[in-house]
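Chemist: the amino acid sequence is not available; the structure is as follows:
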Ligand code: SF4
């Protein structure tokens, strides 16, 4: 295993963390077959501590590794299609697509072939190892479970124009953390890959090969201007980039956790079940249990979501009750009212030296505290971040708890600055609300949720809408 050669962990780029070595396995599109799951579970058991974490790019991470992973084991993973067969490009960000690609009843196009094509292209072109490890690409098929508003450098978003499917090309420009913005360019599906290759080539041409800190695509676009950049892309292409005068396209900003629970697939009679993973963590016994279910009832695949949950797909209607019982036997849940379904935390002080607090531990304490005190009937996304970098979630959550450490009476006091996810885009986490200590945080959040539940206008008023209304009343 290579070590310390990049800031972003990959299967072949072990990265030290507070709790041991971290290995991140790219899963393009987030779809795993049962053999791959078995191999990852073996690694987590043998080298880690018997669990895996799903990340917000639908990768898998094995943490707390205390000895180098044997080269033969890595080769075995490569043979199973895990990790890039070209190790020089393995650290490039996972390719994102909707976890329901190919099964979503409303999607316009199945994006899985686009993910595979770009992954193959990266693998075959070693010069792309010069890309920033954070060079991120997303294909959205226009279905119910949309990933078009996830933060990515480049988004291809499927749209219907005069009965034909095209992709809108969206690029990350402006402030850090914004969703990619529509360039107005409309691409027939077969032009996506050449355009993506040209976008990458132009980006590489603007990087300083001697600099250790590679500019992000957003920074290059901000420096030279989007139009200028696209003119340079055009010079690499044998066809014109078309930007018809159509209305500006906006990413879907529908509820983020609607994949949780039982949902019909586009294939008649088949269903997928969105399973809640507390903070994205899955014990290997649970992973193997889900593999068994997917083999017995489904088609032997599991799908990871960028919301750090997992989908069990292709379940026939008549088997749903059996599968539900067996999911419960694995101590897993599939309900949106489960606070864990919408709880997100970065690795916190146990995994990251920058963290002011034990975000994961505090988030789990909160979930345990709320379990018997508040029942949610609509999802409220609560996000714990150990520092302002905000690695685990780029979009605004309903409630953000930002870890801070303050001095009081010569004593260090750990706590959270609480934000509610309203306000303009400049306010990364939303409106600053109040500081609470770690000890008082669970009761404080309980109170916020109970006020929302008892004072909202009706059952359809989301937490954000409620908070926005209340803030306006306060401002008036
Ligand atoms: S958000 Fe900050 S504390 Fe949390 S993992 Fe990222 S860098 Fe570390």
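Modeler: Yep, that arrived. Worth saying up front: this structure is predicted, and the values here are computed from it rather than measured.

Chemist: did I read that right, residue 236 in a helix?
Modeler: No - in this structure, residue 236 is coil, not part of a helix, as judged by DSSP: H, G, I helix; E, B strand; the rest coil.

Chemist: residues contacting it?
Modeler: With contacts defined as Cβ atoms under 8 Å, 6 or more residues apart in numbering, the neighbours of residue 236 are 197, 198, 201, 202. (Each C-beta comes from the backbone N, C-alpha and C, glycine too.)

Chemist: try it again at 6 Å.
Modeler: When contacts are counted by Cβ atoms under 6 Å, 6 or more residues apart in numbering, residue 236 touches 198, 201.

Chemist: swap in residue 324?
Modeler: Residue 324 sits next to no residue when contact means Cβ under 6 Å, 6+ apart.

Chemist: how about the helices in the protein?
Modeler: Applying DSSP state H to the chain gives helices spanning 34-46, 71-79, 112-124, 192-205, 217-224, 226-234, 284-297, 320-329, 348-351, 359-371, 441-455, 463-475.

Chemist: so can I have TSV of those showing distance to the ligand and mean pLDDT?
Modeler: Rendered in TSV, the data for the helices of the chain read as follows (distance: least, Cβ to the nearest ligand atom, whole Å; pLDDT from 0 to 100):
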stretch	distance to the ligand	mean pLDDT
helix 34-46	20	93
helix 71-79	25	82
helix 112-124	25	93
helix 192-205	24	96
helix 217-224	18	94
helix 226-234	28	96
helix 284-297	23	97
helix 320-329	29	97
helix 348-351	6	86
helix 359-371	7	94
helix 441-455	17	95
helix 463-475	22	83
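
Chemist: just those helices: most buried one?
Modeler: Greatest average neighbour count among those goes to helix 348-351 (a mean of 21), per mean count of other Cβ atoms under 10 Å.

Chemist: ends of stretch 177-185, how far apart?
Modeler: Here the two ends of stretch 177-185 are set 22 Å apart, with distance taken as Cα to Cα, to the nearest Å.

Chemist: let me know the average pLDDT across that stretch.
Modeler: Within the predicted structure, the mean pLDDT of stretch 177-185 is 87.

Chemist: now distance to residue 145 too, for the helices of the chain, in TSV please.
Modeler: What follows is the helices of the chain, written out as TSV (distance: least, Cβ to Cβ, whole Å):
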stretch	distance to residue 145
helix 34-46	21
helix 71-79	28
helix 112-124	14
helix 192-205	20
helix 217-224	25
helix 226-234	28
helix 284-297	18
helix 320-329	19
helix 348-351	28
helix 359-371	24
helix 441-455	25
helix 463-475	19
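
Chemist: so which of those gets nearest residue 247?
Modeler: Taking Cβ to Cβ as the measure, the helices of the chain were each checked against residue 247, and helix 226-234 came out nearest at 18.3 Å.

Chemist: residue 57 contacts residue 97, doesn't it?
Modeler: No - contact criterion Cβ atoms under 6 Å: residue 57 and residue 97 do not qualify, at 10.9 Å.

Chemist: which of the two has more neighbours?
Modeler: residue 97 (27 against 21; other Cβ atoms under 10 Å).

Chemist: quick check: the more buried one vs residue 125, distance?
Modeler: 20 Å (Cβ to Cβ, to the nearest Å).

Chemist: one more: residue 197?
Modeler: Remark: distance between residue 197 and residue 125 (Cβ to Cβ) = 8 Å.

Chemist: in contact with residue 288, which residues?
Modeler: The neighbourhood of residue 288, defined by Cβ under 6 Å, 6+ apart, consists of residue 41.

Chemist: close to the ligand: what parts of this structure are there?
Modeler: Proximity of the chain to the ligand is assessed by Cβ under 6 Å from any ligand atom, with 346, 347, 352, 354, 355, 385, 386, 387, 389, 390, 391 identified as the residues in range.

Chemist: try 5 Å
Modeler: Residues of the chain found near the ligand (Cβ under 5 Å from any ligand atom) are 346, 347, 352, 354, 355, 385, 386, 387, 389, 391.

Chemist: okay, now the unreliable bits of the stretch 51-200 of the chain?
Modeler: Applying pLDDT under 70 to the predicted model, the residue ranges of the stretch 51-200 of the chain that meet it are 90-91.

Chemist: what do residue 197 and residue 125 both touch?
Modeler: With contacts taken as Cβ under 6 Å, 6+ apart, residue 197 and residue 125 have no neighbour in common.

Chemist: grab the nearest non-local neighbour of residue 193.
Modeler: Residue nearest to residue 193 in three dimensions, not counting chain neighbours: residue 117, with 5.3 Å by Cβ to Cβ, 6 or more residues apart in numbering.

Chemist: which of the residues of the chain next to the ligand count as buried?
Modeler: Burial by neighbour count, judged by 16 or more other Cβ atoms under 10 Å, picks out 346, 347, 352, 355, 385, 386, 387 from the residues of the chain next to the ligand.

Chemist: mind putting the residues you listed in TSV, pLDDT included?
Modeler: Formatted as TSV, the entries for these read as follows, by pLDDT from 0 to 100:
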residue	pLDDT
346	89
347	84
352	85
355	94
385	95
386	95
387	93
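
Chemist: who's in contact with residue 153?
Modeler: If you count contacts by Cβ under 6 Å, 6+ apart, residue 153 has them with 135, 136, 172, 217.

Chemist: relative to residue 42, which of these is nearest.
Modeler: Comparing the contacts of residue 153 against residue 42 with Cβ to Cβ picks out residue 136 as the nearest, at 29.0 Å.
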